[in-house]
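> model this:
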Amino acid sequence: RRIRIRLVVFPGKQALILFQEMKPEEGKLAKEMVTVKWIENCVSAKALEEARLLIESDPTKAKLNSIINEKLAMIIVGPAESEKKRAEGFNKKGNELINKKDYKGAKESYTKSIKLNPMDPTRYTNRALAYIRDQEYDLALGDAKSALYVSKNFAKGYQRMAEAYDGKKDYRKAYVYMRVYEKLEPDKAKDAVKEAKDKLKPNGIKVKDGDVEAEVETIIAGTYEDYKPTQHLPKQDSKGSKESKDSKDLKAEEVKAPGLVIKKEESKASAEEIEKFFANFLKLKSEGNELHTSGNYDGSMTKYKSCLTVLKELKKKNTLGIGEHEFISREGTINNNIANCYKQKQEASEVIVYASKTIDLPLADNKMKTKAYMLRGYAYEQIDKVKLAKLDWEKVKELEPANLDASKALTRIQDAITKDSVQDATDSLLKNAKEYEGFKKAGNKFYKDNNLEAAVKEFTNGIEMFKRNADIAKIKAIKEKEKISSIIALFTNRSLCYFKQEKHKEAIEDAEYVIATLDKKSDKAYFRKALSLSKLGKNEEAIVAMKKAKKYSPESDLYKSELTNLKELV
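Residues are numbered from 1 along each chain as shown. Reported below is the predicted structural model:
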């Protein structure tokens with residue numbers, strides 16, 4: 001009973017305290033229960049494979065391996081739809097119970113939800129809230145970290161970290177993590193940040209904004225590894241079990257789990273080697289961050305590029321099933337860091353190269369891609385590629401609707417586009433005005449001779465010349481439509497030819513192009529559209545178009561007459 005109580009209250013590592021106090025005859029049961037609990041709390045394929053190595057000489061290995069395989073399948077393949085539904089059901093039940101202040105019941109429901117779908121960070125932050133309400137702040141911190149290990153940029157994880165530290169009266173850490181939450185959710189965190197800051201001075205805590213900002217940036221630039229769960233399996237008792245003959249040099253074998261077959265090299269040497277790679281990576285990254293902070297961008301880039309080399313080697317040597325998202329997270333972060341260095345050096349072309357690498361990474365999380373789009377957007381602006389810059393900033397806005405930098409950039413870019421002289425577009429058109437007029441007259445002559453095919457060809461030549469040379473955005477801004485009357489006539493006259501040839505779809509397309517791009521009040525375009533719609537049997541739509549033609553040329557007896565005819569048809 002004591003073991004079971006401790007396992008519920010202190011899952012994982014802390015339960016070992018009790019295990020170490022047990023008598024030898026009680027130890028076997030305690031070890032198995034603690035081990036199972038530890039496996040259930042693993043949230044990555046790597047952690048599970050480490051667990052598999054540690055239980056190799058355990059007499060209950062078969063049972064424990066079965067649990068590991070099920071958990072591994074859940075993480076890599078994902079839970080089945082039925083399991084997801086059950087998990088969601090327990091999560092909703094937990095929400096209901098927490099609203100009723102039944103924190104014990106809520107924690108139990110969230111725990112069941114986590115077991116069914118351990119890769120959903122929301123489950124951990126929900127249970128963390130229940131722990132906070134029940135004043136179990138250390139357990140809340142553990143769940144917040146698990147949420148961030150599953151999804152590094154999950155804002156609610158940092159919010160729960162802040163709330164747990166607040167409960168522990170560690171107001172400085174509470175303020176720092178609430179500032180991280182603010183970076184990810186600026187609109188939601190504003191009041192919470194103020195409340196956290198207000199607790200500093202009364203408690204004699206002095207902070208410098210620069211220091212806090214540096215801490216916040218370091219936390220945001222961190223990796224999944226920073227939030228690796230701290231639970232560990234108990235070490236094997238050297239007296240209680242003998243090391244198997246092949247335990248030091250295991251051969252590759254297939255690890256089978258529902259829905260997958262993974263080949264693993266279960267060698268301790270491989271695990272140690274990979275840990276060394278990770279340690280080297282983190283060391284290089286830390287050195288790069290320090291150099292960047294000091295303004296040594298060249299030195300910083302050298303370290304970051306070495307990080308990418310280490311990652312490349314690590315991928316080759318990955319035999320422990322480290323998830324692809326682990327590599328993507330690190331690679332994307334380093335690419336962004338390098339791009340930021342080049343931004344400081346005003347080397348826009350290199351910023352674009354490295355930011356694009358992050359954007360092109362499959363499965364990169366939104367926060368990482370947002371930063372990459374921002375870096376690339378700034379770079380495109382720097383080299384006056386405002387259209388490309390606008391696309392990137394629009395993507396930032398799509399990923400983070402409340403992003404103020406994106407709002408400012410889009411306003412800035414739109415102003416630049418608007419300031420482009422409309423006169424330039426007019427001048428460009430006037431340069432080719434004689435050619436457009438020539439194509440129009442030639443087409444009209446063929447039309448009068450009833451040579452529709454030749455007429456269409458002449459109009460088409462003029463239209464293609466226009467589309468090759470025109471800046472549509474600027475053409476739309478030209479208010480004096482008479483300056484582009486020859487171009488409009490190329491489209492409306494070709495539309496008439498198509499009508500005569502009974503190519504009504506093409507006739508409508510030409511008319512709609514004029515309305516959408518050149519002159520939204522062109523009565524001839526609406527007239528041509530109405531005639532072809534009527535021929536296609538779409539008389540109600542034709543009436544709408546004919547009314548528009550009459551609206552923009554109210555004195556036309558032809559439009560009045562055709563409108564009456566259409567109404568009679570309907």
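
> backbone phi and psi for the residue nearest to Tyr103 when sequence neighbours are not counted, please?
Nearest residue to Tyr103, sequence neighbours excluded (C-beta to C-beta, 6 or more residues apart in numbering): Asp134, at 4.2 Å. In this view, the C-beta of every residue, glycine as well, is placed from N, C-alpha and C. The phi and psi values for Asp134, taken as degrees, to the nearest 10, are phi -90, psi 10.

> Asp134 reaches Lys101, doesn't it?
No. In this structure, Asp134 is not within contact of Lys101 by C-beta atoms under 8 Å, at 9.7 Å.

> more neighbours, the two?
Ranked by neighbour count (other C-beta atoms under 10 Å), Asp134 and Lys101 place Asp134 first, with 16 against 10.

> Tell me how far that one lies from Lys206.
Note on Asp134: its distance to Lys206, by C-beta to C-beta, to the nearest Å, is 32 Å.

> Now Asp384, what are its backbone angles?
According to degrees, to the nearest 10, Asp384 has phi 60, psi 30.

> For the residue nearest to Tyr103, list the residues it contacts.
Asp134 makes contacts with Tyr103, Lys104, Lys107, as judged by C-beta atoms under 8 Å, 6 or more residues apart in numbering.

> which of the residues you listed count as buried?
Buried by 16 or more other C-beta atoms under 10 Å: Tyr103, Lys107, out of the contacts of Asp134.

> Nearest to Arg127, out of the contacts of Asp134: which one, please.
Distances from Arg127 to the contacts of Asp134, taken as C-beta to C-beta, are shortest for Lys107 (5.9 Å).

> check which helix or strand covers the closest one.
For Lys107, the enclosing helix or strand under DSSP states H and E is helix 103-116.

> For that helix, enumerate the helices and strands it packs against.
helix 81-99, helix 121-133 (3 or more C-beta pairs under 8 Å, 6 or more residues apart in numbering; DSSP states H and E).

> just to revisit the earlier point, tell me which of the contacts of Asp134 is nearest to Lys345?
Nearest member of the contacts of Asp134 to Lys345, counting by C-beta to C-beta, is Lys107, at 51.3 Å.

> Could you pull up the contacting residues of that closest one?
Lys107 neighbours (C-beta under 8 Å, 6+ apart): Gly94, Arg127, Ala130, Tyr131, Asp134.

> Now with 10 Å, please.
For Lys107, the contacting residues are 8, 94, 97-98, 126-131, 133-134, 136, 139, 143, by C-beta atoms under 10 Å, 6 or more residues apart in numbering.

> Buried among those residues? Need that as a selection in PyMOL.
Buried residues among these (16+ other C-beta under 10 Å), as a PyMOL selection:
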select buried, resi 94+97+98+126+127+128+129+130+131+133+134+136+139+143
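
> The helix or strand hosting Glu509 - contacts with which helices or strands?
Secondary structure from DSSP H and E places Glu509 in helix 504-513. Counting contacts by 3 or more C-beta pairs under 10 Å, 6 or more residues apart in numbering; DSSP states H and E, helix 504-513 is packed against helix 452-469, helix 485-500, helix 523-535, helix 539-552.

> quick one, helices of the stretch 201-350 of the chain?
For the stretch 201-350 of the chain, helices defined by DSSP state H, counting those that start in this stretch occupy the ranges 209-220, 268-293, 297-317, 324-344, 348-359.

> For Val514, find the nearest of these.
Of these, nearest to Val514 by C-beta to C-beta is helix 348-359, at 37.5 Å.

> Check which residues of that closest one are buried.
Ala348, Glu350, Val351, Ile352, Val353, Tyr354, Ala355, Ser356, Lys357, Thr358, Ile359.

> How about stretch 196-205?
Ala196, Lys197.

> show me where pLDDT drops low in the stretch 151-300 of the chain?
222-275 (pLDDT under 70).

> Go again with 90.
Along the stretch 151-300 of the chain, the parts satisfying pLDDT under 90 run over 151-155, 183-191, 201-290, 292-295.

> per-stretch mean pLDDT over the helices and strands packed on helix 103-116, give me the minimum one.
Note on the helices and strands packed on helix 103-116: helix 81-99 shows the lowest mean pLDDT, a mean of 84.

> what sits in contact with each of Asp134 and Lys101?
Any residue near both Asp134 and Lys101 by C-beta under 10 Å, 6+ apart counts here, and not one turns up.

> and the residue nearest to Asn91 when sequence neighbours are not counted, what does it touch?
Nearest residue to Asn91, sequence neighbours excluded (C-beta to C-beta, 6+ apart): Ser113, at 4.4 Å. By C-beta under 10 Å, 6+ apart, the residues touching Ser113 are 84, 86-94, 120, 122-124, 126-127.

> From these, list the buried ones, please.
86-88, 90-91, 93-94, 120, 122-124, 126-127.

> Which pair of these spans the longest distance?
Arg86 and Tyr124 (17.3 Å).

> If I look at the residue nearest to Lys500 when sequence neighbours are not counted, what pLDDT would I see?
Using C-beta to C-beta, 6+ apart and skipping the chain neighbours, the partner closest in space to Lys500 is Leu452 (5.6 Å). For Leu452, the pLDDT comes out at 94.

> who's in contact with Leu452?
Gly443, Phe446, Arg494, Leu496, Cys497, Tyr498, Phe499, Lys500, Gln501, Lys503.

> Relative to Thr218, which of the residues you listed is nearest.
Arg494 (63.4 Å).

> Okay, that closest one and Ala545: tell me how far apart.
18 Å.

> Break down the stretch 151-300 of the chain into its strands, ranges please.
253-257, 260-264 (DSSP state E, counting those that start in this stretch).

> Adding distance to Val180 as columns, could you present the helices and strands packed on helix 504-513 in CSV?
Supplementary listing: the helices and strands packed on helix 504-513 in CSV, determined by distance: least, C-beta to C-beta, whole Å:
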stretch, distance to Val180
helix 452-469, 50
helix 485-500, 56
helix 523-535, 56
helix 539-552, 55
